[in-house]
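J.: have a look at this fold, sequence not included:
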Ligand SMILES: Cc1cc2nc3c(=O)[nH]c(=O)nc-3n(C[C@H](O)[C@H](O)[C@H](O)COP(=O)(O)O)c2cc1C
């Protein structure tokens, strides 16, 4: 199989030896893409074509995001799902009028959850109900309290926001794996979002994942990913 072709193509065209060099068009869902294909084919979608993703697709995406890892497994994030066009239009000027925000099928507004006291209580109850040995739970909670409860507000927020980005990564790659597109958006007015979405103070809007079917220009489709070289990044 020509991996070069796969890397450069859209995810719909696969050249395999069995087709003796001709391009075989597969519907997006016919063949599960490899992890490498998911990573190489994913692009930030700057505009969507207005087609909604289905309830099923959304549900599958949320499940992939739910499984994201977090430090201590505290899961210090919540995401508000925005589907309503009027609400998207309200968020657009708070997001530099980026087209992703208004054209997306759904916006997932990822918020850092800084209420560590409530979260540790929820985690303790959940782990015990899940069958975790109580001494393990007691030990984990002790470690967590020692590490987190003494942090000031800014440190708590920074810690929680770091975890949010892992959930975002699951969402970005998850959308690609499920056959639709996504764009991360962190250029927005967090205070404005807080007000528009009527969020409680412990939920701080951190990054938005806009999802839908991308509308790409031909030049965008052909553009190779630019990244620094391995030796620039790893030492
Ligand atoms: C955390 C994060 C925030 C981003 N915020 C924005 C944004 O506000 N607007 C935008 O157009 N792109 C945004 N991007 C997209 C990046 O510009 C894009 O991922 C990067 O240029 C690499 O391109 P690629 O994702 O297509 O490979 C964001 C990406 C990340 C990871």
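T.: Looks like it arrived, so ask away. Predicted, not measured: the structure shown is a model, and the values here were computed from it.

J.: so what does residue 107 have for phi and psi?
T.: phi -110, psi 130 (degrees, to the nearest 10).

J.: my guess is it meets residue 209, correct?
T.: Yes: with contact taken as Cβ atoms under 8 Å, residue 107 and residue 209 are classed as touching, separated by 7.3 Å. Bear in mind the C-beta positions are built from the backbone N, C-alpha and C, glycine included.

J.: off-centre distance for the helix or strand containing residue 221?
T.: When elements are assigned from DSSP states H and E, residue 221 belongs to helix 218-222. Counting by Cα atoms, centre = their mean, to the nearest Å, helix 218-222 is centred 23 Å from the centre of its parent chain.

J.: flag every buried residue along it.
T.: Residues of helix 218-222 classed as buried: none (neighbour count, 16 or more other Cβ atoms under 10 Å).

J.: now residue 165, nearest residue through space, not along the chain?
T.: Of all residues not flanking residue 165 in the chain, residue 207 sits nearest, at 6.8 Å (Cβ to Cβ, 6 or more residues apart in numbering).

J.: paired strands for the host helix or strand of the one you found, with orientation please.
T.: Element membership for residue 207, per DSSP H and E: strand 203-212. Taking DSSP bridges as the criterion, strand 203-212 sits next to strand 106-113 (antiparallel), strand 181-185 (antiparallel) in its sheet.

J.: for those, give me TSV that also has distance to the ligand.
T.: Shown next, in TSV, are the strands paired with strand 203-212 (distance: least, Cβ to the nearest ligand atom, whole Å):
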stretch	distance to the ligand
strand 106-113	10
strand 181-185	4
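
J.: any chance of these in CSV, plus distance to residue 81?
T.: Putting the strands paired with strand 203-212 into CSV (distance: least, Cβ to Cβ, whole Å) gives the following:
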stretch, distance to residue 81
strand 106-113, 6
strand 181-185, 14
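
J.: tabulate these (CSV), appending mean neighbour count and mean pLDDT.
T.: Output for the strands paired with strand 203-212, formatted as CSV (neighbours: other Cβ atoms under 10 Å; pLDDT from 0 to 100):
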stretch, mean neighbour count, mean pLDDT
strand 106-113, 24, 98
strand 181-185, 24, 98
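
J.: closest one to residue 100 among those?
T.: Nearest to residue 100, of all the strands paired with strand 203-212, is strand 181-185, at 4.4 Å by Cβ to Cβ.

J.: can you name the element that comes right after the closest one?
T.: helix 190-196.

J.: let me see the mean pLDDT of that following helix.
T.: Helix 190-196 comes out with an average pLDDT of 98.
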